[in-house]
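> build me a model:
(2 chains)
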Amino acid sequence: MSNRIGMEVSLMVSEAVKQAKVDVIAAYPITPQTHIVEHLSELVADGELDAEYICVESEHSAMSACCGSSAVGARTYTATASQGLQLMSEVLYAAAPMRLPIVLTVANRTLSAPLTIWNDHSDIMANRDCGWIMVFVEDGQEDYDQTICAFRIAEDRRVLLPVIVNMDGFILSHVIEPYVPVGQEEVDGFLPPYDPLYTMHPDNPVTMGAFAMPELFTETKKAHEVALHESYNVICEIWEEWGKLTGRTYTPVEEYRTDDADTVFVTMGSFSGVVMETVDEMRENGINVGLVKIRLFRPFPVDDVISTLRKFKNVLVIDRTLSLGSIGGPLAVEIKSVMYNADAKPNIFDFIAGLSGRDVPPDQIAGIYHTAMDALKMGRWENYYMVGLRE
Amino acid sequence: MAKPMEEYTWRDLTVGNVVDEPGNSISYKTGDWKSQQPVFDESKCIRCAVCWNFCPDMAIYQKKDGYFSADLEYCKGCGICAQQCPSGCISMQEEVS
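Residues are numbered from 1 along each chain as shown, chains lettered A, B, ... in the order given. Purely as a prediction, here's the structure:
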């Protein structure tokens, strides 16, 4: 572990992007993502990264520039958050069906109003149907690893889809953590130069992003949907290869101390750290709970979620945003929907926690468990509970 | 397109729906959108080419004898030529298919 170093997680992401040898970065600053692209602009200015850094006037332009550069065969990166992601939204929906392998880091931040800068998942969940591959990371090391893997996944000829790496704003982006960087030679071996299937070039003219009549549009959506679901196997394969290279293997769904558990928490993103700590504490007190982490959100790992969650009696989903006017948070709604077809159905509870960066300490995680157990005793429960809410 | 669009299955589409055959829009006949078509009265035509200039779809062409006509496979029947014609030689008439 001699090469373990401390670094702000945002800068780890910038280092990963540098090591991926991107050709183009088009970005607009927005908290809490700014440190990533700020550091990248320094790396370009200092000659450490041979890339074109395009300062654009908005996030809509950032993603538009990314589409153009990716279309001509350049490895392309950008980062954003919150309102910035919403301003990009229109172009996100263009990039994916055009199969442009752009990599985007979202430092997840709450959407206004009320105006706020802190973390939750309302920004990405507002764009969850845009057809990109979406990954949620737990810590800095994983953010670094997943950023390099994202380019490899996106550019794989069997995939050719853009990838969003979600990191919790501030909780990860502004925290200094230890990480083990991978050598440049190893990264180069893992991530060959981008070899695009189609490029915009006058010698071989093609049209990208053409109009489709109603006679064709349905077929284009099916083709995109199938490509997104079929990326699952390639993602697993690439994560396994990364594991062989670095010793850190990632899977779409991961379990922690679930062997003898009948109740599990389900989390996505940085929540898993505090939940693992709570699971350890609760086990010391004789309560055998476990944790299931969802790493891959799109394509949703339907089979993994069913085969994992069907083993438990109670599933306590912790959502980091609320799907207003629905029946809870988007993760729980999706899990409930998936488990409808399972042969064994657990009781599924939904807890909305950590909105706009509100701390969720271990005692509140334990409180989630007790709320669910009390509801079970009563034999009825709400669609969702808001953790720490003052009634 | 190599075949009419309603014959494509989702498996036939190129990755990203890229059109990889340059200049194939010529085979995409858009003239069936119209309900009216321009009819030219050559006895009034002064061959000024205003209709040719104003046609937004380049569907009007000059014949060998110098008079103008519309390519009905592309003309969408917008009527701009008839509006702009200074000698009133173009009238829009119900299309007879």
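> from here on, just use CA atoms for contacts and neighbour counts.
Will do.
> who in chain B is up against chain A?
Proximity of chain B to chain A is assessed by C-alpha under 8 Å from any C-alpha of the partner chain, with B:5-6, B:8-11, B:13, B:15-22 identified as the residues in range.
> from residue B:70, how far off is residue B:40?
Between residue B:40 and residue B:70 the computed distance is 9 Å (C-alpha to C-alpha, to the nearest Å).
> out of these two, which sits in the more crowded spot?
Between residue B:40 and residue B:70, counted using other C-alpha atoms under 10 Å in any protein chain shown, residue B:70 has the larger neighbour count: 22 against 18.
> give me the nearest residue to the more buried one, chain neighbours excluded.
Excluding its sequence neighbours, the residue lying closest to residue B:70 (C-alpha to C-alpha, 6 or more residues apart in numbering or on different chains) is residue B:60, at 4.3 Å.
> can you pull the buried residues of whichever strand or helix holds residue A:16?
Secondary-structure element containing residue A:16, defined by DSSP states H and E: helix A:9-19. Going by neighbour count (16 or more other C-alpha atoms under 10 Å in any protein chain shown), the buried part of helix A:9-19 is A:9-19.
> out of those, who's nearest chain B?
Within the buried residues of helix A:9-19, proximity to chain B (C-alpha to the nearest C-alpha) peaks at residue A:17, which comes in at 25.0 Å.
> the closest one contacts residue A:148, doesn't it?
Yes - at 6.9 Å, residue A:17 counts as touching residue A:148 under the criterion of C-alpha atoms under 8 Å.
> about what we covered before: what sits up against the helix holding residue A:16?
When contacts are defined by C-alpha atoms under 8 Å, 6 or more residues apart in numbering or on different chains, helix A:9-19 is touched by residues A:33, A:35-37, A:39-40, A:43, A:49, A:77, A:140-141, A:143-145, A:147-148, A:172-177, A:184, A:187-188.
> go on, stretch A:291-300?
Counting by C-alpha under 8 Å, 6+ apart, stretch A:291-300 makes contact with A:128, A:131-137, A:228-229, A:231-232, A:251-258, A:264-269, A:272, A:275-276, A:279, all of which sit outside it.
> show the end-to-end separation of that stretch, please.
Stretch A:291-300 has an end-to-end distance of 18 Å (C-alpha to C-alpha).
> thinking again about what came up before, now do the helix holding residue A:16: distance to the chain's middle.
Relative to the centre of its chain, helix A:9-19 is centred 16 Å away, using C-alpha atoms, centre = their mean, to the nearest Å.
> and if you look at stretch A:332-350?
Using C-alpha atoms, centre = their mean, the distance from the centre of stretch A:332-350 to the centre of the chain it belongs to is 21 Å.
> would you mind listing the buried residues in that stretch?
Neighbour-count burial for stretch A:332-350 [16+ other C-alpha under 10 Å]: A:332-333, A:335-336, A:338-339, A:342, A:345-346, A:348-350.
> same question, stretch A:50-66
Within stretch A:50-66, the residues scored as buried using 16+ other C-alpha under 10 Å are A:51-53, A:56, A:58-66.
> thinking again about what came up before, can you list contacts of the following helix or strand past the helix holding residue A:16?
The first helix or strand that comes after helix A:9-19 along the chain, using DSSP H and E, is strand A:24-27. Judged by C-alpha under 8 Å, 6+ apart, the contacts made with strand A:24-27 from elsewhere in the structure are A:37, A:51-56, A:58-59, A:62-63, A:65-66, A:69, A:74-80.
> now strand A:24-27: mean pLDDT?
Mean pLDDT, computed over strand A:24-27, is 98.
> next SSE after it?
Past strand A:24-27, further along toward the C-terminus, the next helix or strand under DSSP H and E is helix A:34-45.
> so how far is that following helix off the chain centroid?
With C-alpha atoms, centre = their mean as the basis, the mean position of helix A:34-45 lies at 21 Å from the chain mean.
> other SSEs contacting whatever helix or strand comes next after that helix?
The element immediately downstream of helix A:34-45 (helix or strand, assigned by DSSP H and E) is strand A:52-55. The helices and strands touching strand A:52-55, judged by 3 or more C-alpha pairs under 8 Å, 6 or more residues apart in numbering or on different chains; DSSP states H and E, are strand A:24-27, helix A:34-45.
> need the residues of chain A near chain B, please.
Within chain A, the positions adjacent to chain B are A:97-100, A:198, A:205-210, A:215-216, A:219-220, A:222-224 by C-alpha under 8 Å from any C-alpha.
> stretch A:355-369 spans what distance, first to last residue?
For stretch A:355-369, by C-alpha to C-alpha, the gap between its terminal residues amounts to 19 Å.
> okay, now residue A:36: neighbour count?
When counting by other C-alpha under 10 Å, one arrives at 26 neighbours for residue A:36.
> what do you get for residue A:325?
For residue A:325, which is what you asked about, the neighbour count (other C-alpha under 10 Å) is 6.
> secondary structure class for it?
Three states are possible here, and by DSSP: H, G, I helix; E, B strand; the rest coil the one that applies to residue A:325 is coil.
> name the helix or strand for residue A:205, please.
Under the assignment given by DSSP H and E, residue A:205 is not contained in any helix or strand.
> hang on, I meant residue A:374
The secondary structure element spanning residue A:374 is helix A:362-378 (assigned by DSSP H and E).
> how far does that helix sit from the chain's center?
28 Å.
> now stretch A:54-68
Taking C-alpha atoms, centre = their mean, one finds the center of stretch A:54-68 at 21 Å from the center of the full chain.
> just stretch A:60-69 next, same as before
With C-alpha atoms, centre = their mean as the basis, the mean position of stretch A:60-69 lies at 20 Å from the chain mean.
> ok, back up a step: of all pairs in the buried residues of helix A:9-19, which one is the farthest apart?
When these are compared pair by pair using C-alpha to C-alpha, the farthest-apart members prove to be A:9 and A:19, with a separation of 15.2 Å.
> ok, back up a step: tell me the angle of the helix holding residue A:16 relative to helix A:34-45?
What separates the directions of helix A:9-19 and helix A:34-45 is an angle of 40 degrees, with axes from the mean of the first three to the mean of the last three C-alpha atoms, to 10 degrees.
> can you tell me the average pLDDT over helix A:9-19?
Helix A:9-19 comes out with an average pLDDT of 98.
> circling back: turn the buried residues of helix A:9-19 into TSV, columns for distance to residue A:240.
Output for the buried residues of helix A:9-19, formatted as TSV (distance: C-alpha to C-alpha, whole Å):
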residue	distance to residue A:240
A:9	23
A:10	25
A:11	25
A:12	21
A:13	20
A:14	23
A:15	22
A:16	18
A:17	20
A:18	22
A:19	20
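> chain B: strands as residue ranges?
Counting by DSSP state E, the segments of chain B that form strands are B:36-40, B:60-62, B:68-70, B:90-94.
> kindly reformat those as CSV containing mean pLDDT.
As requested, the strands of chain B are arranged in CSV below (pLDDT from 0 to 100):
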stretch, mean pLDDT
strand B:36-40, 96
strand B:60-62, 97
strand B:68-70, 97
strand B:90-94, 96
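> what ranges in the chain fall below the confidence cut-off?
Answering for chain A, as no chain was given. A:1-2 (pLDDT under 70).
> oops, wrong one, chain B.
Low-confidence regions of chain B, defined by pLDDT under 70, span residues B:1-2, B:96-97.
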